[in-house]
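S.K.: Fold the following and give me the result.
(chains A, B and C, ligands or ions: 2)
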Amino acid sequence: MSLDKTSVAKIAKLSRIRINDDKQDEMASDLNNIMGFVEQLSQVNVEGVEPMTSVIEMMQRQRDDIISDGGYADDILENGPATDMGFFTVPKVVE
Amino acid sequence: MSEMKNSNSLTNLTLAAARDGLQNKDFSAVELCNQYIDAIENAGELNCFITKTPEYALAMAKKSDHKIQNGTAGSMEGLPIGMKDLFCTKGVLTTAGSHILDGFKPTYESTVSQNLWDSGAVMLGKMNMDEFAMGSANITSYYGNVINPWQRNDGSNAKLVPGGSSGGSAAAVASNIVIAATGTDTGGSIRQPAAFTGIVGLKPTYGRCSRWGTIAFASSLDQAGPMTRDVRDAAIMLGAMAGFDNKDSTSVNLPVPNYEAALTGDIKGMRIGIPKEYNLDGMPSEITELWQQGAKWLKDAGAEIVDISLPHTKYALPAYYIVAPAEASSNLARYDGIRYGLRVCDDGDSLDDLYEKTRAEGFGAEVQRRILIGTYVLSAGYYDAYYLQAQKVRTKIADDFKQAWQSCDILLTPVTPTAAFGIDEKQDDPLAMYLHDIFTVPSSMAGLPAMSIPAALDNKGLPLGLQLIAKPFDEVNLLRVGHMLENMAGFNAKPQFLASNGLTSKAEGA
Amino acid sequence: MSDLIKGKTGDWEIVIGLEIHAQVTSNAKLFSGAATAFGAEPNTQVSIVDAAMPGMLPVINMESVKQAVRTGLALGCQINKRSIFSRKNYFYADLPQGYQISQFDKPIVGKGKIAIDMGNGEIKQIGIERLHLEQDAGKSIHDQHPKKSYIDLNRSGVTLMEIVSDPDMRSADEAAAFVTKMRSIVRYIGSCDGNMQEGSMRADVNVSVRKLGDELGIRCEIKNMNSMRFIKQAVVYEAKRQVKIIEDGGSIKQETRLFDTIKGETRSMRSKEEAHDYRYFPDPDLLPLVFDQEFIDQMAASLPELPDAKKKRFIKDFKLNDYDASILVAEKEKAAYFDAVAAVKGCDMKMAANWVVSELFGRLNKASVDIVNSPVAPESIGGLIALIKNDTINGKIAKDVFDEMFETGKDAATIIDEKGLKQVTDTGAIEAIIDDIIANNPDQVEKYRDGKSNLIGWFVGQVMKASQGKANPKAVNDILRPKLDI
Ligand SMILES: [Mg+2]
Ligand SMILES: [Zn+2]
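M.R.: Numbers count the residues shown, from 1 in each chain, chains lettered A, B, ... in the order given. Ligands and ions are numbered 1, 2, ... in the order given. Here you go, the predicted model:
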């Protein structure tokens, strides 16, 4: 395991965070430092151990199927950095 | 304690004392509120607030006076608190300490803050914090560092960190500019700053306080809790914050006990576990000594001390630094410049340009690091080795605690391996910073309630805390033992900031 | 029945697997209380949860869980008593959370099988891999503005069932038949309205080609198909495209494609070009979804008779042929109509099937009227058949009566009464007409008697004409023949 510049660029892209070329080496070294620390987890024998899905032992609660929310487009759009005619807008996307 | 002789004397009162004073009509909520507003103005250098809301506070205080008059006061009626800027507050800027939430004013109120307003609390403002609660020193906030009101007694005048991520809340409580504050704790973000600033910080059981409307860092770990001057205050405030919320699937439907009634002063026969794995190599001897002293205090108070083992303790921190960033990388994907907050987009930019520029500029370095780590450990080919392994280790950590409860009722440990450090120390090494959470993370990983209680000063005159950890939903015993520990420790030192402002008659620890 | 593609190098087999997204019929969304109705003003059916405002949390709608289990049962699938919601992480403008809450390795419904009917009596079993619950995304509108896309989050968070088939289909017709069958089932049980135009049901079609007996080829996924016709066109186009690439020495790139309905072609989707890594992990905001056998039994008990069972019953109880039975059960409203006809006492169901399938459905089709709005009530069909059976009218008049019924909504008896269409069975009256015709057409009589025996039809026709169609054909024959055969 070692993160290089290329893998930093790849995960930065997946994360949609632009990390300029000249910053990628530094980031790679920071991340490697952290990954080096967490590496020790592989020492733990977890045979037959279930991964934690929740620290609380209870059942998923379920809601009734009633309309109890929505109907406030103005609130939804209120903090929008760019809106038009009741829509949020973004640079044009070509599918 | 303090002699109430100067104009700000009301701010020296604990939450419980102020409550009683209001009930007895010794002073009004508006008077109390005004004194806090003045105190805040005199504490600008600590940078505890991101947003101050004095008008809001006075309006609320007026209402409280009304309620006190007509006998409908809530449990926190008229008490002016600070709200960590991670809680969404309707119509009031909410930033999570991040540039990316520029200008964001929620159209809704978080359940925890609403519960507090419903109980009569008054909002002085939104407290500074590490960006998205990621940090242990409050040096990652877009709104600048928070300064610890405590200083070393070596005359160095070095500015110290208040701990993090609830650093603004902790520093404000310690410097008497709020009567109490909310915090959130993911891996220690209530307890560690409480220890660094000599106050009480309580992280409840996961599921005790609703997470609805609280900006998420790591969903499986985040819990809101009180940060207060003493244990009684924590009991009162927890009672106001906690409760079932059907808007949060992980909220537990249990009644909220009267926590203040738990402070009986009787811990006879309780078994206090001392986990041997918390004895770190190279830990400063004063930390070890304080820990032993803590055990002795509780023993003297009638508890039984038992040695126990939590064998997977050392793996809690590495597991945490996989699980928390993984969840964060996903939780923070919504900050994309489309529906709220910052948008960086130049002419001709594509949607991806918008995302990448907005998130590069909007997130600080630590948040970016954690998002990248989280993305990495979840990505194809690494998931099993990192994320899945960490969640399995987490099960083992939780099992360790379950095992421990066979032989004890409460655990006693240090909170932090050191006292507060200087703002310029440890900045370049993220990993060294992470190690500050070594004692707080294991209970977070198991979802257990835990509390930090100020217990002594170190050799440089800085506060040190002791941590108590309890069984799930046993905040009652956590508070009962905490109250006893507080009594035994008799910690009453005050930060230099208060002394230099002439706000207390006595500045111990200077 | 597979459609082989004839290439330069020989025959190629098409292999098709489908992923169907079916919107669960529910009032509110999967994880929020916002409404789901189609066609609302932009962003009016959006809660702060659906818009992924900071601090928002999901709480599951029990109706979605019920419908997923009912659908799983109707598809003969295994139901998983414990399932997990996971986050599928990717960025898109209409995906507010930056992830879709879906199910990954522990879906609510596991393996099963459904039968598709290829129309010629051929039944084919298609494997179901799984069914899981997930959130729909919002909608991006690209044609409102030259430089911007517009985002409407009304659909964001609506419950979808994703049903994944095994790659068991071998022709465009089989793919269409699978979608048809799936649509039929979900509409029967009411878990989805099956409205493909409104996007309540859409299919991602995975197509690959191979030489017979070879391993599976590399597949391309054609996204979001919402009509049977387009599915068929797309499959054929895509299979041919792949064959051509391979035969020209190229290789297929696994990718997501879009069907251009105007050009009738598939093309690579630009927005999906970059390799995806969805980083699925269990959603920490939700707990495992757990239920017991009792709940499953309750859901099973709530299911209506399903199309396959109904078809069997129609064939067994009513002696229908396979073709009529298939048509009658294909849509739940048609089947319900026929069941209502069957409820008419003493109705001849074989006749009823004929009347419903050819006469009623034909007229409805022509008039573009839906069966639920049929002007002819099921009881009226029963009434008409009863009147034919008791010789009140004959078959020919019956068709005219039925036209009138379709036109006016009146029942058969009323129309017959009003128009005096009652069949003449009075042999005296018929005999008089016959005598008249024989007397007035000596040439024809002679020709008949000289051996042109098929002229009998001409005589019958004359009698019917003279009686304005009201003469009972059997009585006409019985009286006419002895008179001519003298
Ligand atoms: Mg798909
Ligand atoms: Zn899907």
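
S.K.: the longest helix in the chain is where?
M.R.: Picking chain A for this. Looking across chain A with DSSP state H, the single longest helix is helix A:21-38.

S.K.: my bad, the chain I had in mind was chain C
M.R.: Longest helix in chain C, counting by DSSP H: helix C:228-247.

S.K.: Output the contacting helices and strands for the longest helix of chain A.
M.R.: Using 3 or more CB pairs under 8 Å, 6 or more residues apart in numbering or on different chains; DSSP states H and E as the contact test, the elements touching helix A:21-38 are helix A:5-15, helix B:313-331, helix B:365-378, helix B:430-434. C-beta coordinates here come from the backbone N, C-alpha and C atoms, glycine included.

S.K.: next one: the last one to chain centre, how far?
M.R.: Centre-to-centre, helix B:430-434 and its host chain are 19 Å apart (CA atoms, centre = their mean, to the nearest Å).

S.K.: Quick check: pLDDT value at residue 37.
M.R.: Reading this off chain A. For A:Phe37, the pLDDT comes out at 93.

S.K.: meant chain B, my bad for not saying
M.R.: 97.

S.K.: Please apply the same query to B:Asn8.
M.R.: B:Asn8 carries a pLDDT value of 54.

S.K.: now swap in B:Ser2 and tell me
M.R.: Predicted confidence (pLDDT) at B:Ser2: the value is 40.

S.K.: Quick check: the residue of chain B nearest chain C.
M.R.: Chain C sits closest to B:Ala333 of chain B, with a gap of 2.3 Å, by CB to the nearest CB.

S.K.: So which elements touch the helix or strand containing C:Met405?
M.R.: Using DSSP states H and E, C:Met405 falls within helix C:395-408. Applying 3+ CB pairs under 8 Å, 6+ apart, one finds that helix C:395-408 contacts helix C:361-367, helix C:378-389, helix C:412-419.

S.K.: Would you tell me which of these gets closest to C:Phe295?
M.R.: helix C:378-389 (35.5 Å; CB to CB).

S.K.: which other residues reach the closest one?
M.R.: For helix C:378-389, contacts defined as CB atoms under 8 Å, 6 or more residues apart in numbering or on different chains pick out C:337-338, C:340-341, C:343-348, C:351-352, C:355-356, C:360, C:393-395, C:398, C:401-402, C:405, C:411-413, C:416.

S.K.: What pLDDT does the model give the residue nearest to C:Ala342 when sequence neighbours are not counted?
M.R.: Once flanking residues are discounted, C:Ala342 sits nearest to C:Met349: 5.8 Å by CB to CB, 6 or more residues apart in numbering or on different chains. On pLDDT, C:Met349 comes in at 91.

S.K.: again with B:Gly502
M.R.: 56.

S.K.: Repeat that for B:Lys506.
M.R.: 39.

S.K.: who are the neighbours in contact with C:Lys211?
M.R.: C:Lys211 neighbours (CB under 8 Å, 6+ apart): C:Gly10, C:Asp11, C:Trp12, C:Glu13.

S.K.: Can you tell me which of those residues is nearest chain A?
M.R.: C:Trp12 (29.1 Å).

S.K.: Does anything pack onto the helix or strand where that closest one lies? Which helices or strands?
M.R.: Following DSSP H and E, one finds C:Trp12 within strand C:10-23. Using 3+ CB pairs under 8 Å, 6+ apart, the elements in contact with strand C:10-23 are strand C:4-7, strand C:159-165, helix C:172-189, strand C:201-211, helix C:228-247.
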